[in-house]
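**Student:** model the following, please.
(2 chains)
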Amino acid sequence: MSVTMGAVRRAGRLAPLMRRGAASLGGPTGIAGAVIVAVVIILAVFAPLVSPYNPVTISLDHQLTAPDATSWFGTDQSGRDVLSRVIWGARPSLEVGIMAVLIGLVGGVGLGLAAGFYSGGWFEQVIMRCVESIAAIPLLIWAIAVVGILGVEPMHVGPFVFSNQTKVMGLLGLLYIPGLARITYVAALAESRSDYVSARRLQGVAEWRIMLGDVLANCLSPVIVQATLLVAIGIIIEAAISFVGLGVQPPQPSWGTMLADSRNYLFSGEWWLSLFPGLAISITVIGFNLLGDGLRDVLDPRRNTANFTA
Amino acid sequence: MLGLVLRRVVFSLGALLFVSFVLFVLTAAIPVSPARAVLGFQATETQVHQFDHEHGLDRPLVVQYGAWLGPVLHGELGKSLVTDLNMNQEIARTLPITLELVCLAFAFAVGISILLGTVSALYEGRLIDHAARMLAVLGVSVPGFWLALLLILLFAVDLPWFPPGGIAPISGGIAEHVRSLVLPVFCLAVFYVAILSRMTRSSLVEVLSQDYIRTARATGLRRPLVLRYALKNALVPVVTVAAMSFGYMFGWALIIETVFNIGGMSGALLDAINQRDYALVRAVVLVFTMIFLAANLLADILNAWLDPRLGKAPR
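**Tutor:** Predicted coordinates:
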C-alpha cells in the first residue's frame, strides 16, 4: 500500500516536471523531434551492442538477400547486413552534423558577439564584411570542390592526420560561421544597447565580463534554434557529399555511400538497398527539424524564417 | 535606392574578387602538382620542373593569380592542362543543361509554393493547413537524391512512365524532352516548395490579420480582390528568399544530375575532380559562385525595391 502511495506521490511530483519539459520543447511536435533525436543518438552510441551483425563483415553466401527474419533490412552486394550498416551509418552522419555546428558556433558566435558588442568601429566593419564575403560562397559546391581538390585520402599536417570525414566536418563548420555570426551579431547589437548593460558598466564590471557573462546568455535563443536546424542540413549535406563519393570512404558504413552503391541495383529489384539508408536519413533529419521548430516556438517566437542554408 | 544598389553591386564584385582569390589559392596549393596528373607518376623531377616552368606554375602565387584573372575578366577561362579542352566550350556545353533544369525547378517551386501557402493561410488551422505543414516538414527533411532513387524505382522501373535517367534532346521531340525532365525537376524543387510555401503561409497569415485588410473587408470589397492586395504585401519576403534559393539550387542540381546521369555541370565538375583537372574545377566553381552572387544581389535589390524602408536606412 505504502509503495503505491509513494509511487503516486512521486508521479504527482513528476507530472508538472514533465509538463514543463514538454512546454520547453514547444508542444507535441517538439517532443516527437526530441524523442527521434534521442533514439538516433542512442543507436549511434551503442551501435556495437545494438547492431545484430558486424557492419563490414563480408559474407559471400548471403549476397543481396531480401529482408527476412535473419536480416530485417536484407543484405547488400557483399552479403553485409543492411540493418547493421544503417545503425553504424548514424555515426558519421551525427558526427559531421553535430561537430560542424559546434565549429560554426565557436567561430560564428565569437565573431558575431564581438562585432555586435563592440559595434560602431572598424572592428565591427572588418568582421562583418569578412563574414559577408564568406557568405558569398555557395556551400555545397565549394564543399564538393574543396574535398575534391584536397583528395579523399587522409591528410597529414605536421603530427596530425585528418581523415576525409574530419575535412568535411571542418569545412562545413567553416561555412556555417557567417550565418551563425550574423544571427548572433543582430542579437548582440540590440542587447549591448539595453539598460542592464549600462547598469553593469556603472557597477564597474569589466567589458569582457559583461559581454561573456550577460550579453552572450541573452543572445543564445535564436542561435540555439538555428544550430538545431543546421544539424539537420549538415546531415543531408554529409550524405550528399558521400553520395558523390567524396565523403566517408568505404568500407566504413555511411548512409550516403550506401545510397550511392544502391544505384547499381535499381533495375535488378533490390529495393531494400535504396529504401532503408534514405529512410534513416529522412527520419533523423525530421527529428532535428521538429526539435528546431519546437525550440523556436518557445525560445524565439517572433522569428519565422525557415531552415534555409544550402 | 540607387545608392543601396550601387553599394550592393560594389560589395558583390569585391566579394567575387575575394572568393576567386581564395578559390585560386586552394586550387593552386594542391598536394599533387598538375604535372603529375598530366605526365604520370613515372615522370622525373626534371620533367615536372620543366612542365611547371612551361606553364608558369613555378611563379609566385600572386603573379599566377594575376595571369589567370586578366583573361577571366575578359570572359576567357583558358585551356585545361589535362584534357587540352577549351574550358569556355566545356562550360558552354554543360551550363545550358543545368540552367534548364534549375530554371524549370525554380518556376515549379515558386508556382506551387505560392498556391500551397495561400491555400493553407486561407484555411489556417484546418485539416488542409495541417496537411500542408506536414508536407513542408517532409519536404525539408527528405533528401532530394533519395527521393529521386525512390521515384526512379517506382515510376521508371516498376511503371515505365518516365525514363530512368538522362535528358532526351529537344531534337528528338518536345514530348520526350519534357518527360525526361519531370522527375529531376520535381526532386530538385521539393525542398524549395517546402521552404517557400511555409514562408508564404506565415507571411500571408500575418498580413491577413492587419487592420487595413479588415477595413477592406468591412467596406465590402470582394474576397478575391482582398486576397490580391494581401498577397502583394505578403510576397515581399518570399520574393527575396526565392531569389536566393535560385542560387542555392545549383548546388543541389549537381547531386540530382548525378542520380539521373544528366551530363550537365555536375559531370564536368566531378570528372574534373577525378582527373585532377584543377583548372576546370576552378572554372566551374567560379561560374557557380558568380551565379550565386548574382542571385543574392538580385535578392537584395528586389528586397529594397519592394520594401522601400530598407533602402533608406543605412545597414
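**Student:** and the strands in the stretch 201-310 of chain A?
**Tutor:** Counting by DSSP state E, counting those that start in this stretch, the stretch 201-310 of chain A forms no strands at all.
**Student:** nope, the stretch 51-200 of chain B is what I meant
**Tutor:** Using DSSP E, counting those that start in this stretch, strands in the stretch 51-200 of chain B do not occur.
**Student:** spell out which parts of it neighbour chain A.
**Tutor:** Contact residues (CB under 8 Å from any CB of the partner chain) of the stretch 51-200 of chain B with chain A: B:137-138, B:140-143, B:145-147, B:149-150, B:152-153, B:157, B:164, B:194-195, B:198-199. Every residue, glycine included, has its C-beta placed from N, CA and C.
**Student:** if you set the cut-off to 7 Å instead, what comes out?
**Tutor:** Taking CB under 7 Å from any CB of the partner chain as the criterion, the neighbours of chain A within the stretch 51-200 of chain B are B:137, B:140-143, B:145-146, B:149-150, B:152-153, B:157, B:195, B:198-199.
**Student:** and the nearest residue to residue B:144 once chain neighbours are set aside, what is it in contact with?
**Tutor:** Leaving aside its sequence neighbours, residue B:144 sits nearest to residue B:187 (CB to CB, 6 or more residues apart in numbering or on different chains; 4.6 Å). Shown in contact with residue B:187 (CB atoms under 7 Å, 6 or more residues apart in numbering or on different chains): B:144, B:147-148, B:151, B:256.
**Student:** picking up where we left off before, among the residues of the stretch 51-200 of chain B next to chain A, name the ones in helices.
**Tutor:** B:137, B:140-141, B:145-146, B:149-150, B:152, B:195, B:198-199 (DSSP state H).
**Student:** of these, closest to chain A?
**Tutor:** Nearest to chain A, judged by CB to the nearest CB, of those is residue B:146 at 3.3 Å.
**Student:** returning to what we had before: so which of the contacts of residue B:187 wins on neighbours?
**Tutor:** residue B:256 (28 neighbours; other CB atoms under 10 Å in any protein chain shown).
**Student:** where does the prediction get shaky in chain A?
**Tutor:** Counting by pLDDT under 70, the ranges of chain A that qualify are A:1-15, A:17-18, A:300-310.
**Student:** got the residues of it near chain B?
**Tutor:** A:132-133, A:136-142, A:144-146, A:148-149, A:151, A:232, A:236, A:239-240, A:243-244, A:259, A:262-263, A:266-267, A:271, A:274, A:278, A:281-282, A:285-286, A:289-290, A:304, A:306-308, A:310.
**Student:** which of the residues you listed are buried?
**Tutor:** A:132-133, A:136-142, A:144-146, A:148-149, A:151, A:232, A:236, A:239-240, A:243-244, A:259, A:262-263, A:266, A:271, A:274, A:278, A:281-282, A:285-286, A:289-290, A:306-308, A:310 (16 or more other CB atoms under 10 Å in any protein chain shown).
**Student:** skipping adjacent residues, who's closest to residue A:294 in space?
**Tutor:** residue A:30 (1.9 Å).
**Student:** that neighbour sits in which helix or strand?
**Tutor:** Using DSSP states H and E, residue A:30 maps to helix A:27-45.
**Student:** what does that helix contact?
**Tutor:** Helix A:27-45 has contacts (CB under 7 Å, 6+ apart) with A:22, A:25, A:50, A:87, A:90-91, A:94, A:283-284, A:286-291, A:293-295, A:297.
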